[in-house]
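K.L.:
give me the fold of what follows.
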Amino acid sequence: MASSMLKVEIYDPDVEIWESYEERLILFFQANEVEDDKKKVAILLSSMGAKGYGLLKNLVSPDKPSSKKFDEICGTLREYYNPKPPVLLERFRFYNYNQSSSTTIAEFLAELKRMTSTCNFGSFLKDALRDRFVCGIYDNNIQKKALVGRRFTNAG
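P.N.:
Residues are numbered from 1 along each chain as shown. Next comes the predicted model:
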């Protein structure tokens, strides 16, 4: 089996986000029936290039990258390449986002929903989304209707 295996590309953060590379690695392992975690680690480490390996070595120091499980390595690299933005910053962006005159209500709502994914609203999510939706509507007439209690069917 090993002789027929294709080579894994070196990860290049200028070309691809880590999550996409990780997905392709998992598909590579499925296609080549690689199930053993140590083998997954060996394939990843031997194909990541000197720059990537050096970075990973620094990130897991004083441990060696080869002592980590595949999921741990991927989690470490995921955090490095795509750190979670500060919740306060994401909420600031959310609360300051308003519908523009060229944006439809559906587009505005979709963008607000997308923005909530990094706001960590928890059980307050529906209220925050409703409040920002109503406060950020561009058309004053629609906004007034929403504020006086007329049911707005697209808001949820």
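K.L.:
and the longest helix along the chain, what does it pack onto?
P.N.:
Criterion DSSP state H: the longest helix present in the chain is helix 18-31. Judged by 3 or more CB pairs under 8 Å, 6 or more residues apart in numbering; DSSP states H and E, helix 18-31 is in contact with helix 37-47, helix 70-81. In short, each C-beta sits where N, CA and C put it, glycine included.
K.L.:
what angle sits between it and helix 37-47?
P.N.:
Here helix 18-31 runs at an angle of 120 degrees relative to helix 37-47 (axes from the mean of the first three to the mean of the last three CA atoms, to 10 degrees).
K.L.:
can you give the distance from the worst-scoring helix or strand of the chain on mean pLDDT to the centre of its chain?
P.N.:
Here the helix or strand of the chain ranked lowest by mean pLDDT, DSSP states H and E is helix 140-147, holding a mean of 86. For helix 140-147, the separation from the chain centroid amounts to 34 Å (computed by CA atoms, centre = their mean, to the nearest Å).
K.L.:
one more: stretch 79-97?
P.N.:
In terms of CA atoms, centre = their mean, the centre of stretch 79-97 is found 11 Å from the chain centre.
K.L.:
and for stretch 138-154?
P.N.:
Between the centre of stretch 138-154 and the centre of its chain there are 32 Å (CA atoms, centre = their mean).
K.L.:
keeping just the C-alphas, turn that stretch into PDB.
P.N.:
Output of stretch 138-154 as PDB, limited to C-alpha atoms (Å, rounded to 0.1, in the frame of the first residue of the first chain):
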ATOM      1  CA  TYR A 138     -32.100  51.000   6.800                       C
ATOM      2  CA  ASP A 139     -35.700  51.700   5.900                       C
ATOM      3  CA  ASN A 140     -37.300  53.800   8.800                       C
ATOM      4  CA  ASN A 141     -40.800  52.700   7.800                       C
ATOM      5  CA  ILE A 142     -40.000  49.000   8.200                       C
ATOM      6  CA  GLN A 143     -38.100  49.700  11.300                       C
ATOM      7  CA  LYS A 144     -41.100  51.600  12.900                       C
ATOM      8  CA  LYS A 145     -43.400  48.700  12.000                       C
ATOM      9  CA  ALA A 146     -41.100  46.300  13.600                       C
ATOM     10  CA  LEU A 147     -40.800  48.400  16.700                       C
ATOM     11  CA  VAL A 148     -44.600  48.800  17.300                       C
ATOM     12  CA  GLY A 149     -45.000  45.100  17.400                       C
ATOM     13  CA  ARG A 150     -46.100  44.100  13.900                       C
ATOM     14  CA  ARG A 151     -44.800  40.600  13.400                       C
ATOM     15  CA  PHE A 152     -41.800  40.600  11.100                       C
ATOM     16  CA  THR A 153     -41.600  37.100   9.500                       C
ATOM     17  CA  ASN A 154     -38.000  37.200   8.200                       C
END
